[in-house]
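1. Below are the sequence and a predicted model for it; my questions follow.
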Amino acid sequence: MYDDRGIDGVEKTTARESGRSMRQGGKRNKIGAAALILVLSLFLAWPAAAATVPEYQAEYGYAADFADVLTAATINHINETNEALSAASGAEVFVVTVDFTGGADIETYAYRLFNQWAIGGEEKDNGLLLLLVIGEENYWAVQGEGLEKDFSSGLLSEYLDTYLETDFAAGNYDAGVAKFFDACVARLEKIYGGAGGAAGVGGNAGGEPRPSSPARSGRR
């Protein structure tokens, strides 16, 4: 169990979506009620166990690069920018990379990270998390409830499309993270009146795509 603080999330994937169907055949009446209950209990308990996330360590700072895809320069930039942003407004933009989620779906894994690491703090709940799952060619962005009005899921989805997707699909994870991070900080600076002092993104410093669609999962 974990504390759901009403956060929302946006997922993207560069992997082909495929569905699974569970089929049951034969004489189901051969399975006793007790055995069936036991099987169902184990099945329902498995995702919760698989969704275990690492405990936060101070050495992670604001960028926990477990998949080893970020450069030292990008990690330093994320940490230094967040220090100023957090001091001025309490807002935080965390970046976490992992190879796999241990069998958990990416949404559950991201929500647990967000809550257990208390991103953005409990009072303002104004944090933002970008999770990259490299081995699954997938990523998920989620913002705290305190940002949902000014940094909606629709806008967050646009940011993922504009600043991350192209580089992520090409395997340029570090470049995509840097662009997405700077764009998010520029948006937060606008929300909080210039706090943070982050650099702009390429030739479009502080540029913000307008949301054209609601938050969605998967690719169109």
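-> It's in. Numbering: from 1, shown residues only.

2. Low-confidence ranges, this protein, go.
-> Across the chain, the ranges flagged by pLDDT under 70 are 1-51, 194-220.

3. Strands along that one, start to end?
-> 8-13, 63-65, 92-98, 127-133, 138-143 (DSSP state E).

4. For the ones you listed, could you give me CSV that also reports mean neighbour count?
-> Heads up, the C-betas are built off the backbone N, CA and C, glycines and all. What follows is the strands of the chain, written out as CSV (neighbours: other Cβ atoms under 10 Å):
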stretch, mean neighbour count
strand 8-13, 20
strand 63-65, 21
strand 92-98, 24
strand 127-133, 25
strand 138-143, 25
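
5. As JSON lines, those with distance to residue 191 would be great.
-> Putting these into JSON lines (distance: least, Cβ to Cβ, whole Å) gives the following:
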{"stretch": "strand 8-13", "distance to residue 191": "16"}
{"stretch": "strand 63-65", "distance to residue 191": "22"}
{"stretch": "strand 92-98", "distance to residue 191": "12"}
{"stretch": "strand 127-133", "distance to residue 191": "11"}
{"stretch": "strand 138-143", "distance to residue 191": "11"}
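
6. which one of those lies closest to residue 159?
-> strand 138-143 (7.5 Å; Cβ to Cβ).

7. now for that closest one, which elements pack on it?
-> Strand 138-143 sits against strand 8-13, helix 106-116, strand 127-133, helix 153-159, with contacts defined as 3 or more Cβ pairs under 8 Å, 6 or more residues apart in numbering; DSSP states H and E.

8. hmm, try it at 10 Å
-> strand 8-13, strand 92-98, helix 106-116, strand 127-133, helix 153-159, helix 173-191 (3 or more Cβ pairs under 10 Å, 6 or more residues apart in numbering; DSSP states H and E).

9. Of all these, which one is nearest residue 147?
-> strand 127-133 (6.5 Å).

10. Who are the packing partners of the closest one?
-> Using 3+ Cβ pairs under 10 Å, 6+ apart: strand 127-133 touches strand 8-13, strand 63-65, helix 72-89, strand 92-98, helix 106-116, strand 138-143, helix 153-159, helix 173-191.

11. now these as a markdown table including distance to residue 131?
-> Supplementary listing: these in a markdown table, determined by distance: least, Cβ to Cβ, whole Å:
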| stretch | distance to residue 131 |
| --- | --- |
| strand 8-13 | 9 |
| strand 63-65 | 10 |
| helix 72-89 | 14 |
| strand 92-98 | 5 |
| helix 106-116 | 5 |
| strand 138-143 | 5 |
| helix 153-159 | 13 |
| helix 173-191 | 11 |
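
12. Residue 52: which of those is closest?
-> helix 106-116 (7.9 Å).

13. In that closest one, which residues are buried?
-> 106, 107, 108, 109, 110, 111, 112, 113, 114, 115 (16 or more other Cβ atoms under 10 Å).

14. The helices and strands packed on strand 127-133: which one's closest to residue 55?
-> helix 106-116 (7.7 Å).

15. The closest one vs strand 138-143, what angle?
-> 40 degrees (axes from the mean of the first three to the mean of the last three Cα atoms, to 10 degrees).

16. tell me the phi and psi of residue 122?
-> Per-residue torsions, residue 122: phi -70, psi -30 (degrees, to the nearest 10).

17. so how many other residues sit close to it?
-> 10 (other Cβ atoms under 10 Å).

18. so how far is residue 115 from it?
-> For residue 122, the distance to residue 115 (Cβ to Cβ, to the nearest Å) stands at 10 Å.
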